[in-house]
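Trainee: what follows is a predicted structure for the sequence shown.
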Amino acid sequence: EVQLVESGGGLVQAGGSLRLSCAASGFTFDDYAIGWFRQAPGKEREGVSCISSIHGSTYYADSVKGRFTISGDNAKNTVYLQMNSLKPDDTALYYCNANAWIGFVGYDYWGQGTQVTVSS
């Protein structure tokens, strides 16, 4: 069974840190781009950061640049999102996504999300 499982969310004070994990089972990250998205109540889902398992290239939304760091461990089939200097505006449900084209077949997987709450 293909699964993405996020963990590491929680309640933290502004200025604090959390590290989110996204672990895959049923497939390997080797050919995928892995992204973190978030959705706050009443807002649309937005992209936060992503990493290419092939090239190692990374991308960050302007709102998190300099505060968040995405990294991957292909041996553990896990991607991490280190979040520092957290702000109340970072409060959201954080989702992990794995996306790839292998041959002419598209693959797109989502986790169930992990809640991050930043108190002021």
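Mentor: Yep, that arrived.

Trainee: contacts only, for the closest residue to residue 102 other than its chain neighbours.
Mentor: Computed as Cβ to Cβ, 6 or more residues apart in numbering, the closest residue to residue 102 that is not its neighbour in sequence is residue 31, at 5.5 Å. C-beta coordinates here come from the backbone N, C-alpha and C atoms, glycine included. With Cβ atoms under 8 Å, 6 or more residues apart in numbering as the criterion, the residues that contact residue 31 are 53-54, 100, 102.

Trainee: do a quick rundown of the strands in this protein.
Mentor: All strands of the chain, identified by DSSP state E, fall at 3-7, 10-13, 18-25, 33-39, 46-52, 58-60, 68-73, 78-83, 92-102, 105-110, 114-119.

Trainee: can you give me the buried ones in the shortest one?
Mentor: Residues residue 60 are the ones in strand 58-60 that count as buried (16 or more other Cβ atoms under 10 Å).

Trainee: and it, which strands flank it?
Mentor: strand 46-52 (antiparallel) (DSSP bridges).
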